[in-house]
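Enquirer: Build me a model:
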Amino acid sequence: DLRGVARMVRRFASGRGRIDEARYRRAHVEDDLGRQLVTSGVIGAASTTVSLVAFLALRDAVGPYLANALAVVVTAVANVWANRRYTFGRLGGHGRVQDYVRGAALTGLALIGSTVALFVARAAGLGRAGELAAVLVAWAGAAILRFSVLRDRPRTGRPDAAPLAPSTPNPPTALDQRTT
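Expert: This next block holds a predicted model:
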């Protein structure tokens, strides 16, 4: 009935709604690579879409090289944040600076790789479609490298340094991290 749905929506919107999570948990997986790949892929597709839109919007106004640089930089911080949070479950501040420094270095590599690919495409006279293909291939390579570098961060024994599997009983929330 619609009144029951409305009550449930109000309850969840006000923060009082609860779901019995025990019924929906999956078995614990030691190495959650499959879930991490899917999550990282979704984040990467969203970042690439934003980068591509930025590149296309800026290309004619500022030229392909500056448009490429802006497109890569615009999504870099959000990409590292999203992968850190959703792909690897790193909620706390421990290792944040290290992850962002690695992300900045990888952004630099992505920028160099995509600029070289763009130069080659333009030198070969491949046109706009060739430029797009070149930057997309370079961005995809950078995404694969970013995933492997962020995934292989050394573990320090702190609870927020290791990735959390979704099946971890009562994983800490952002609120829990602020209170400790």
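Enquirer: Secondary structure element holding Ala46?
Expert: For Ala46, the host element (DSSP states H and E) is helix 33-62.
Enquirer: again with Arg18
Expert: For Arg18, there is no host helix or strand (DSSP H and E).
Enquirer: pLDDT value on it, please?
Expert: Looking at Arg18, its pLDDT reads 77.
Enquirer: Low-confidence regions, the chain specifically.
Expert: 21-30, 153-180 (pLDDT under 70).
Enquirer: Is Met147 in contact with Asn83, as I believe?
Expert: Actually, residue 147 is Phe. It isn't Met. Yes - counting by Cβ atoms under 8 Å, Asn83 is a contact partner of Phe147 at 7.3 Å. Where you see a C-beta, it was placed from the backbone N, CA and C, and this is true even at glycine.
Enquirer: For those two, list the residues in contact with both.
Expert: Both Phe147 and Asn83 are in contact with Ser40, where contact means Cβ atoms under 8 Å, 6 or more residues apart in numbering.
Enquirer: Looking only at neighbour counts, state which of the two leads.
Expert: Counted by other Cβ atoms under 10 Å, Phe147 and Asn83 do not tie: Asn83 has more neighbours, with 24 against 21.
Enquirer: Okay, that one and Pro64: tell me how far apart.
Expert: Here Asn83 is placed at a distance of 27 Å from Pro64 (Cβ to Cβ, to the nearest Å).
Enquirer: Any idea how far the host helix or strand of Arg11 is from the middle of the chain?
Expert: Here Arg11 sits within helix 2-13, counting by DSSP H and E. Computed by Cα atoms, centre = their mean, to the nearest Å, the chain-centroid distance of helix 2-13 equals 32 Å.
Enquirer: Which elements pack onto that helix?
Expert: With contacts defined as 3 or more Cβ pairs under 8 Å, 6 or more residues apart in numbering; DSSP states H and E, helix 2-13 has no helix or strand neighbours.
Enquirer: Just read off the phi/psi values of Phe88.
Expert: phi -110, psi 0 (degrees, to the nearest 10).
Enquirer: how close does it get to Gly41?
Expert: 14 Å.
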